[in-house]
Structure formats: C-alpha cells, structure tokens
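A.B. asks: Take a look and give me a structure for this.
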Amino acid sequence: MICRDHARYYAEGADRGAGTATQVADRHHLWANLGDATERLVARLRSQWVPPAPEKEKVVPSEAPEGRRVRRTRERHAAVHALMDKGMGHSQIVAELGLDPKTARKFMRAATVEELIGDRRTGRQSSLDGHAAYLIARFNEGCHSALRLHRELTERGLTVSERTVRRFVHRLRENAKPATRPPVPKVREVTKLILTHPDNRPESGRVLLKQLLHRCRELDEARELIARFASILVHRRGQEDLEQWTTDAQASRLQELRGFATGLRKDWDADMAGLTLRWNSGPVEGHVNRIKMLKRQMFGRAKLDLLRKRVLLTS
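C.D. replies: Residues are numbered from 1 along each chain as shown. Predicted structure coming up:
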C-alpha cells in the first residue's frame, strides 16, 4: 500500500518503484483539495451572499447645527440647575463644577438655557445664517467637501472664509447618523462554516449560514454536494456513492466543484481506494509536522547535527 496525495511525481514514483502496490489517495489531502475549491467558489459568489448595504439616512436638521459653545452652554446650565434642585448653594456649585463665581451666578439666574443662548444658536456661524438651508441641502445630496461648498457660496456672492464653512460642515457630519451595515463575514469564515459538520457549527454560525444560503442558491447547491462528499469520506463509502457524486458534481453549474470532480477522474483508482480502504497518511503527516516544529524551534540557534539528534531521540 502506498498512501499519497495527488501530486503527479508521487504517482509516477509509485508506478516506477512499486508497480504492483495499491496506491491510496490520502483522505486529508482530498478534503484539503475540496476546501481550496470551496474557498474559490465562495469568493466568486461573494457578491450574491454578502449582506445588502442599508440605505443611507440623510441629514435633515430643521436648522443649522449648534456649535460647540452652544452645546457646552446647554450642558453647564443643566448641571448647575441639577445641583440647585439638590439644594446646593452658589459656593457649593462653584466648587463642584469648577466654574468662575460670576459664571455660576449667571447660570443660576437663567431660568432657561434659551436666555443664555439667545439668537446665537450656531455659535460663530452667524455669517452663514442665510445660507444654512442651502448648505444642508447640498450636504444631503452627497456634497461633503468644505472646499467645494465654499466655492459655491462664493459664486452665490457670499464673502466667507473657507474655515467658517469647514466648521459648519464638520458640525453637520457630527449630527449625521451614520448608516450602519451588518458585519460582512469573510470568505474564509463562510468557507469554514460550509466545511464544518452541522452538529459542530455554533448557533450564530448556523443562523448566518442560513441567511447566506437563502441569498445565494448556488452556495446552497455547493453546500449540499460538499456535505455528501464529506459523508463519503468519513464513512469510506467510495464504492457505493463516489461514482454518483462525481457525476452530479460534473453536471452542476459550480465550476470549482466540476474541476475537483474532474481531478478525481484523472486519479480514479487511487481516489476510490482512499475513500474505501482504511489506509491513510495520518502517521506520516504527524511525523512531518513534528519535524517541522523542531526545525522552527531551532531556527537560527543550532546546526543540522543537533536537529538530527532531536529528531531521532524523540522518535
């Protein structure tokens, strides 16, 4: 028995060196090859299964956004009157909020914050009061460039600095409610969900996969074929089911799985043996991984003679 992967040189070497041996395709490599094909398939179909982006919400404030100074005034007024409601006096409020005594007294005397703000809701943006509606409309249309908006205002005959326009646009962005998009799963994440046994998928993964399969029928078709192949591989039912599976895969509209099935045909005897007999390359692969681990541990630290001793003594 010779266990190997699909590399042509392994097959040629086995034919030349042991022509009467039964060649067995390693199941680990068969599953890895199918996994690579699945990842390419998922990547190709990404535009179909990716969650749709929500519609962007426009910023439609009834008036120009408030400046930082106005917002701070509102916050201080609310804080001062909250302490007053608790029974605190002037000196206690000054100590609690760290305000200047005159400032604290002014806030205490104002019954409403509107008495302090007056007509200066937009802070230092008074030069834009007559053009705020135009700027908001242009912002909602998708023009978020302060430089371009400044140029348009200049063409409308308004003399205003670019810095003033930039501050106004910045406050519009702060007031805008950004459109939230559901997280987009990565190609490898979706591939892993498809290749994982249904009983081992987390609940969140099952819900996500169900949503993706609903959006993309081809992905659902691929999942069904892959699940069938996994059952053949695990239960070694090559003699009973491999022929039908390969025929179905080659007849599907999934070019990646058609290519995988064509590869099975090219090395049919070894693949049939791998999916029927108990032999596999597991012990060999385990030794190879152990040697690679030892090599990485010693990278740049020792020479080949010590590596040789470690490999032999731990066998």
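A.B. asks: Could you tell me how far the one helix or strand Met293 maps to lies from the centre of the chain?
C.D. replies: Taking DSSP states H and E as the criterion, Met293 maps to helix 282-297. From the chain centre to the centre of helix 282-297 is a distance of 33 Å (Cα atoms, centre = their mean, to the nearest Å).
A.B. asks: next helix or strand past it?
C.D. replies: As assigned by DSSP H and E, the chain's next helix or strand after helix 282-297 is helix 304-313.
A.B. asks: Output the helix holding Met293 as CSV, restricted to C-alpha atoms.
C.D. replies: What follows is helix 282-297, C-alpha atoms only, in CSV (Å, rounded to 0.1, in the frame of the first residue of the first chain):
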residue,chain,number,x,y,z
GLY,A,282,-2.0,10.3,9.0
PRO,A,283,1.0,8.8,10.9
VAL,A,284,3.4,10.1,8.2
GLU,A,285,1.9,13.6,8.3
GLY,A,286,2.2,13.6,12.1
HIS,A,287,5.9,12.9,11.9
VAL,A,288,6.4,15.5,9.2
ASN,A,289,4.6,18.1,11.4
ARG,A,290,6.7,17.2,14.4
ILE,A,291,9.9,17.6,12.4
LYS,A,292,8.8,20.9,11.1
MET,A,293,8.0,22.0,14.7
LEU,A,294,11.5,21.0,15.9
LYS,A,295,13.1,22.8,12.9
ARG,A,296,11.2,26.1,13.7
GLN,A,297,12.1,25.9,17.3
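A.B. asks: Mind listing residues that contact the helix or strand of the chain with the lowest mean pLDDT?
C.D. replies: Every helix and strand in the chain was compared by mean pLDDT, DSSP states H and E; the lowest is helix 114-117, with a mean of 74. The contact list for helix 114-117 (Cβ atoms under 8 Å, 6 or more residues apart in numbering) reads 70, 73-74, 77, 106-107, 110. Using the backbone N, CA and C atoms, a C-beta is placed for each residue, glycine as well.
A.B. asks: Now the buried members of the residues you listed.
C.D. replies: By the neighbour-count criterion of 16 or more other Cβ atoms under 10 Å, the contacts of helix 114-117 include these buried positions: 70, 73, 77, 106-107, 110.
A.B. asks: now for those residues, which pair is the farthest apart?
C.D. replies: Val70 and Lys106 (15.3 Å; Cβ to Cβ).
A.B. asks: which intervals of the stretch 151-300 of the chain have sub-threshold pLDDT?
C.D. replies: Across the stretch 151-300 of the chain, the ranges flagged by pLDDT under 70 are 175-181.
A.B. asks: if you set the cut-off to 80 instead, what comes out?
C.D. replies: 171-182, 299-300 (pLDDT under 80).
A.B. asks: packing partners for the helix or strand Ala37 falls within?
C.D. replies: Assessed by DSSP H and E, Ala37 sits inside helix 27-44. Contact here means 3 or more Cβ pairs under 8 Å, 6 or more residues apart in numbering; DSSP states H and E; on that basis helix 27-44 packs against helix 187-195, helix 217-235, helix 255-266, helix 268-274.
A.B. asks: Which strands and helices lie in contact with the helix holding Met293?
C.D. replies: helix 304-313.
A.B. asks: Could you pull out the buried residues of the helix it packs on?
C.D. replies: For helix 304-313, burial by neighbour count (16+ other Cβ under 10 Å) applies to 307, 310.
A.B. asks: Extract the CA atoms of that helix and return them as CSV.
C.D. replies: Taking C-alpha atoms only, helix 304-313 is exported to CSV below (Å, rounded to 0.1, in the frame of the first residue of the first chain):
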residue,chain,number,x,y,z
LEU,A,304,21.9,20.2,11.5
ASP,A,305,23.7,17.8,13.8
LEU,A,306,21.7,18.8,16.8
LEU,A,307,18.4,18.8,14.8
ARG,A,308,19.3,15.2,13.7
LYS,A,309,19.7,14.1,17.3
ARG,A,310,16.5,15.7,18.4
VAL,A,311,14.5,14.1,15.6
LEU,A,312,16.0,10.6,16.2
LEU,A,313,15.9,10.7,20.0
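A.B. asks: quick one: that helix to helix 282-297, angle?
C.D. replies: Helix 304-313 and helix 282-297 are oriented at 150 degrees to each other (axes from the mean of the first three to the mean of the last three Cα atoms, to 10 degrees).
A.B. asks: can you list the residues that contact helix 304-313?
C.D. replies: Contacts of helix 304-313 (Cβ under 8 Å, 6+ apart): 291, 294-295, 298.
A.B. asks: rewinding a little: in strands, which of the buried ones among the contacts of helix 114-117 appear?
C.D. replies: Taking DSSP state E, every one of the buried ones among the contacts of helix 114-117 sits outside strands.
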